[in-house]
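Chemist: sequence plus predicted model, see below.
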Amino acid sequence: MSRVEIIVAVGRDGAIGRRGDLAFHIREDLRRFKQLTMGHPVIMGRKTFESLPKGALPGRRNVVISSNPDYTAEGAEVVHSLKEAVELCTGSEKVFIIGGGQVYAQAMPLAERLHLTRIDADTPDADTFFPEIDSETWHETERSEQASDPSGLTYRFITLEKK
Ligand SMILES: NC(=O)c1ccc[n+]([C@@H]2O[C@H](COP(=O)([O-])OP(=O)(O)OC[C@H]3O[C@@H](n4cnc5c(N)ncnc54)[C@H](OP(=O)(O)O)[C@@H]3O)[C@@H](O)[C@H]2O)c1
């Protein structure tokens with residue numbers, strides 16, 4: 001079985017999305033996302049796939065979960081459960097769960113590592129949230145210095161491992 005890792009950008013209030021889009025757009029975060037995931041399979045829900053501005057992510061095996069048996073996604077493989085998605089990637093050293101809220105919630109029990117971008121802001125109109133990170137289950141192994149985006153948002157990168 002591949003190692004399952006989650007990557008997410010999350011606000012102070014747990015926000016990750018609003019109206020089908022990311023809650024935050026931080027250039028450095030997108031750069032880090034690309035650096036960490038490049039060459040590895042990425043697993044996502046149908047709604048996250050449809051939110052990608054340029055479709056399937058290049059240089060990575062894209063796996064999309066949908067309950068619709070007729071769903072097709074250009075440049076991606078479609079499966080019908082998270083288990084099926086992870087099994088499809090057996091043979092890869094690790095896979096990244098890249099969202100959204102529904103898929104993160106299902107992946108928390110499977111994941112061994114969380115790559116968080118913690119943004120120091122609330123998003124009052126958010127409609128999608130990351131599940132609670134239980135300190136009994138997860139411990140922090142890395143924490144970057146706080147950084148600032150040109151838009152004024154401050155954030156840091158945090159890595160957590162399952163105990
Ligand atoms: N901040 C971040 O790092 C980040 C990352 C990714 C996404 N997001 C945001 O999160 C939001 C999308 O999240 P979301 O929770 O609304 O949707 P999502 O998790 O991306 O996709 C949900 C869809 O996935 C399919 N699905 C999920 N679990 C399934 C299962 N067990 N079996 C079969 N199908 C399953 C269903 O598709 P069907 O309806 O086709 O059956 C479901 O409607 C967007 O706003 C996006 O921008 C944020």
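Modeler: Alright, I've got the coordinates.
Chemist: residues contacting the residue of the chain most remote from its centre?
Modeler: In the chain, the residue that sits farthest from the middle, by CA atoms, centre = their mean, is Asp70; the gap is 24.7 Å. Going by CB atoms under 8 Å, 6 or more residues apart in numbering, Asp70 touches no other residue. C-betas here are computed from N, CA, C, even on glycine.
Chemist: again, 10 Å this time
Modeler: Asp70 makes contact with Val78, according to CB atoms under 10 Å, 6 or more residues apart in numbering.
Chemist: what helices and strands are in contact with the helix or strand bottoming out on mean pLDDT in the chain?
Modeler: Within the chain, confidence by mean pLDDT, DSSP states H and E is lowest for strand 21-22 among all helices and strands, at a mean of 94. Packing partners of strand 21-22 (3 or more CB pairs under 10 Å, 6 or more residues apart in numbering; DSSP states H and E): helix 46-51.
Chemist: so what does the next helix or strand after the helix it packs on touch, helix or strand wise?
Modeler: Using DSSP states H and E, the next helix or strand after helix 46-51 towards the C-terminus is strand 62-65. Here strand 62-65 touches strand 42-45, helix 46-51, strand 76-79, helix 82-88, helix 101-107, going by 3+ CB pairs under 10 Å, 6+ apart.
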